[in-house]
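>>> Show me the folded form of this:
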Amino acid sequence: VISVPDNTVTWATWDLSVTVEDLGPDTPPVSLSVTSDLHVGGVILKLVEKTQIKRDWSDHALWWEQKQCWLLRTAWSLEKYGIHADARLHFMPQHKPLKLGLPNGITLRLHACYSSPVFQTVMHICRMLNIRHPEELSLLRPIEEKKKKKDKDSTEEIYDLTEVPLSSGTIHSFSKFVHKRTFHLLCVFVFLFRADLCWYTYLKYFSDTRHRVHLLNKLNCLSLRWLDSSRCLMQQGIQENDRLWLRFKYFTFYDIEPKYDVVRLTQLYEQARWAILLEDIDCTEEEMMLFGALQYHISKVSQSEPQMLSSSAAMDDLESALQSLEVKMEGESTFFLFSTMLKVETLFICFRPKRLTLKGYKQYWFKFQDTSISYFKSKEESIGEPIQQINLKGCEVAPDVNMAAQKFLIRLLIPAPEGMNEVYLRCENEQQYAQWMAGCRLASKGKSLADNSYQSEIQSIHSFLAMQKTNSSSHGNAPANDESINTHSLVSPRYHKKYKAKQLTPRILDAYQNVAQLSLTDAVMRFIQVWQALPDFGLSYIVVRFKGSRKDEVLGIAPNRLIRIDLGVGDVVKTWRYNNMKQWNVNWDIRQMAIEFEGNVNIAFSCVTADCKIVHEFIGGYIFMSTRSREKSDVLNEELFHKLTGGHEAL
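So this is what the prediction gives:
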């Protein structure tokens, strides 16, 4: 800076080198004579004039390589940004091609914004793909696979959508690549064209799941590969034409309506299907056969020609689908019927189960009154004081059923001052289970058995159990064997080690009889419902070291709670619910999280296998999901999301 007598300031001129991407990789940087008070917009104007290329430069911006940031504030001066002559700047488009892998295995090539936070980029992608509630999804790095020699010459089929505007709210342009082609059926990808309820199915089949089995041992690292929602793609090392996966990250699926969520449901189904096939989530043998039967039915129904659905039919599908999805939904008004069946019952109870095995059960005499259950050593002692009374209001109720083994368990997560206690109730038969399950669900909502939805809850539970029953009487109407069934595509690999295909086929067909009458939409919704009912549904695992502990433990992150698990034996040590959380903080210097709960309960831990930013984003994201309401379903509070998930970097 040079001072002159008239008290004005003259800025010294210096050279700034800028690499223009459009000129090619071998072209040397463009040198500009600038002053420190020149704003970024002026630099871009000088650059465009010097290149002498006539084109639309509106999407271009400057990228500062050393600082890994975009210079998007064009009114800021070079001095304000701190840019000097040694800065390496690149002038490039903000929107670039990206290869996007969808849950059903289809790869799209589309334009994505490399300068916006990933959260915004996902919103734009979902808008183009017609996926509602994009806050439930995010981008993650794919698993690196070593190419085999025989695969070197194989070319992957990629659907090019780079001509579709990223900001478009419709997907009319999809019609150019949804062409007629013969595929074997198993994975379904549905596109919705226009607003006339004309549904088309785009079908792709993976003939054998064994080529993905090698991913099984790597799925535990899934949590490590999520991109930071607060930073842009360029800041996280994602370059043009790189590959990313689009997946559901937060397992709180809000406001699902089949009429509007065709693509969303399809991708959700595919993600759930691969989670089952790759054994990313545990299920019983009977549940696996039911999952296989539902997949088989979906593939059969999808073989039919594209169908036109009337608005009334769509509304019928919507109502039936919502009834299937909402496990805890309110039943319709019925005749007032007060049942005393749950007043005195013999049940078995087990506290604090292990993650892998259950401790022995003890038999007690139970009473169910209002929203509480009390248990006694025997029927004779039930007139006195109970051993314990458990208030179920606000608790979480989940099924754990195996019809073949006649196992009827009810899993209760009971709020406690220092976290949550996990309790299992074991019923003797299906009828007892249905009544107690219905009673527990109502009690968790603060309702008694006198509520008029009690009977409809029981009927809903019986319908759900009926799906898991084998139907030997109807089995005679179905072929004993169906050569079109590829059992490798319907059940996970360990069942092929345990059984032969000719043993699996009749069992899948047996379960198929209970779902054969479902429509395509109902079958997909039912698959998702059974997936959501699994005990380990929605859990992401991180290895952590709790403060004061000398050993590594597992932190399970669920949609509504945190779970501390002993890494050695699989015991659930403690559970904490988000709605009891007062605050959480991150010490970014030592990478440690501290969380304060109600009742003066404090925990602190450092992450061993992942950056604490990932855990911070999971917790903040789930809390953000809980703030959504039906009245505000069309308005997404992006600022609140970044406040809850972004940490100090977002601020």
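>>> how about the closest residue to residue 232 other than its chain neighbours, what does it touch?
Once flanking residues are discounted, residue 232 sits nearest to residue 115: 5.4 Å by Cβ to Cβ, 6 or more residues apart in numbering. For glycine as for every other residue, the C-beta is placed from the backbone atoms N, C-alpha and C. By Cβ atoms under 8 Å, 6 or more residues apart in numbering, the contact set of residue 115 is 61, 70, 72, 94, 232, 234.
>>> Can you give me the neighbour number for the last one?
In other words, residue 234. Close neighbours of residue 234, defined as other Cβ atoms under 10 Å, add up to 21.
>>> ditto for residue 600
Counted with other Cβ under 10 Å, residues neighbouring residue 600 total 9.
>>> returning to what we had before: by neighbour count, which of the contacts of residue 115 wins?
Per-residue neighbour counts (other Cβ under 10 Å) across those peak at residue 232, which has 23 neighbours.
>>> And the pLDDT at that residue?
pLDDT, residue 232: 96.
>>> before we move on, the earlier item: nearest to residue 282 among the contacts of residue 115?
Using Cβ to Cβ, residue 232 comes nearest to residue 282 of the contacts of residue 115, at 36.9 Å.
>>> Tell me the confidence at the nearest residue to residue 104 once chain neighbours are set aside?
In space, and not counting its chain neighbours, residue 104 is closest to residue 270: 3.8 Å by Cβ to Cβ, 6+ apart. Looking at residue 270, its pLDDT stands at 94.
>>> Please shift the residue numbers so they start at 612 in all later answers.
Renumbered: residue one is now 612, and that last one reads residue 881.
>>> Name the SS class of residue 881, please.
Recorded secondary structure, residue 881: helix (DSSP: H, G, I helix; E, B strand; the rest coil).
>>> Could you list the low-pLDDT ranges of the chain?
For the chain, applying pLDDT under 70 flags the ranges 612-620, 756-767, 775-833, 915-972, 1028-1031, 1079-1095, 1241-1245, 1259-1262.
>>> Break it into its domains for me.
624-704, 707-893, 956-1060, 1151-1257 (the TED database).
>>> Quick one: the ones you listed as CSV, columns for distance to residue 1122 too.
Shown next, in CSV, are the domains of the chain (distance: least, Cβ to Cβ, whole Å):
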stretch, distance to residue 1122
domain 624-704, 52
domain 707-893, 14
domain 956-1060, 10
domain 1151-1257, 28
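>>> Those domains: which one's closest to residue 1127?
Across the domains of the chain, closest to residue 1127 is domain 707-893 (Cβ to Cβ), at 15.9 Å.
>>> just to revisit the earlier point, surely the residue nearest to residue 715 touches residue 714?
Yes - counting by Cβ atoms under 8 Å, residue 881 does reach residue 714; the two are 4.0 Å apart.
>>> picking up where we left off before, which single one of the contacts of residue 726 is nearest to residue 1037?
Using Cβ to Cβ, residue 843 comes nearest to residue 1037 of the contacts of residue 726, at 51.6 Å.
>>> So the closest one sits against residue 728, correct?
Yes - Residue 843 lies in contact with residue 728 (Cβ under 8 Å); the separation is 6.0 Å.
>>> how close does residue 1110 sit to residue 893?
18 Å (Cβ to Cβ, to the nearest Å).
>>> Quantify the burial of residue 1109 by counting its neighbouring residues.
Neighbours of residue 1109 (other Cβ under 10 Å): 11.
>>> check contacts around it.
By Cβ under 8 Å, 6+ apart, the contact list for residue 1109 is empty.
>>> In the longest helix anywhere in the chain, which of the residues would be classed as buried?
Criterion DSSP state H: the longest helix present in the chain is helix 896-913. By neighbour count with 16 or more other Cβ atoms under 10 Å, helix 896-913 contains the buried residues 896-913.
>>> do the same with stretch 1189-1206
Judged by neighbour count (16+ other Cβ under 10 Å), stretch 1189-1206 contains these buried residues: 1189, 1191, 1192, 1195, 1197, 1203, 1204, 1206.
>>> hang on, the fifth one packs against residue 1227?
The one in question is residue 1197. Yes - in terms of Cβ under 8 Å, residue 1197 counts as a neighbour of residue 1227; the distance is 5.4 Å.
>>> any common contacting residues for these two?
Joint contacts of residue 1197 and residue 1227 (Cβ under 8 Å, 6+ apart) are 1204, 1258.
>>> which helices and strands sit right next to the longest helix of the chain?
strand 798-804, helix 873-888, strand 1007-1013, helix 1112-1123, helix 1131-1143 (3 or more Cβ pairs under 8 Å, 6 or more residues apart in numbering; DSSP states H and E).
>>> Recalculate using a threshold of 10 Å.
On a contact count with 3 or more Cβ pairs under 10 Å, 6 or more residues apart in numbering; DSSP states H and E, helix 896-913 meets strand 798-804, strand 809-815, helix 873-888, strand 1007-1013, helix 1065-1078, helix 1104-1109, helix 1112-1123, helix 1131-1143.
>>> and that helix with helix 873-888, angle?
Orientation check (axes from the mean of the first three to the mean of the last three Cα atoms, to 10 degrees): helix 896-913 against helix 873-888 gives 140 degrees.
>>> what's the angle between helix 896-913 and helix 1112-1123?
Relative orientation of helix 896-913 with respect to helix 1112-1123: 80 degrees, computed using the same axes, to 10 degrees.
>>> what inclination does helix 896-913 have with respect to helix 1065-1078?
Using the same axes, to 10 degrees: helix 896-913 against helix 1065-1078 is 90 degrees.
>>> Check the offset of helix 896-913 from the chain's centre.
Between the mean C-alpha location of helix 896-913 and the chain-wide mean there is a distance of 21 Å, by Cα atoms, centre = their mean, to the nearest Å.
>>> returning to what we had before: and which of the contacts of residue 726 is nearest residue 1034?
Ranked by distance to residue 1034 (Cβ to Cβ), the contacts of residue 726 are led by residue 843 at 45.8 Å.
>>> what's near enough to touch the closest one?
674, 679-681, 683, 705, 724-729, 731-732, 849 (Cβ atoms under 10 Å, 6 or more residues apart in numbering).
>>> Can I get the buried part of those as one ChimeraX selection?
What follows is the ChimeraX syntax for the buried subset of the contacts of residue 843, where burial is set by 16+ other Cβ under 10 Å:
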select :674,680,681,705,724,725,726,727,728,729,731,732,849
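>>> can you tell me which of the contacts of residue 843 lies nearest to residue 1141?
For the contacts of residue 843, the residue nearest residue 1141 by Cβ to Cβ is residue 729; the value is 31.3 Å.
>>> Report the separation between that closest one and residue 858.
Taking Cβ to Cβ, one finds residue 729 at 13 Å from residue 858.
>>> Need the overlap of contacts for those two.
The contact sets of residue 729 and residue 858 overlap at 749, 750, 751, 837 (Cβ under 10 Å, 6+ apart).
>>> Which two among these are spaced furthest apart?
Greatest spatial distance in those: 750 and 837, 7.7 Å, computed using Cβ to Cβ.
>>> which of the two has more neighbours?
Higher neighbour count among residue 750 and residue 837: residue 750, with 26 against 21, using other Cβ under 10 Å.
>>> buried residues in the host helix or strand of the more buried one?
Following DSSP states H and E, the helix or strand that holds residue 750 is strand 748-751. By neighbour count on 16+ other Cβ under 10 Å, the buried set for strand 748-751 is 748, 749, 750, 751.
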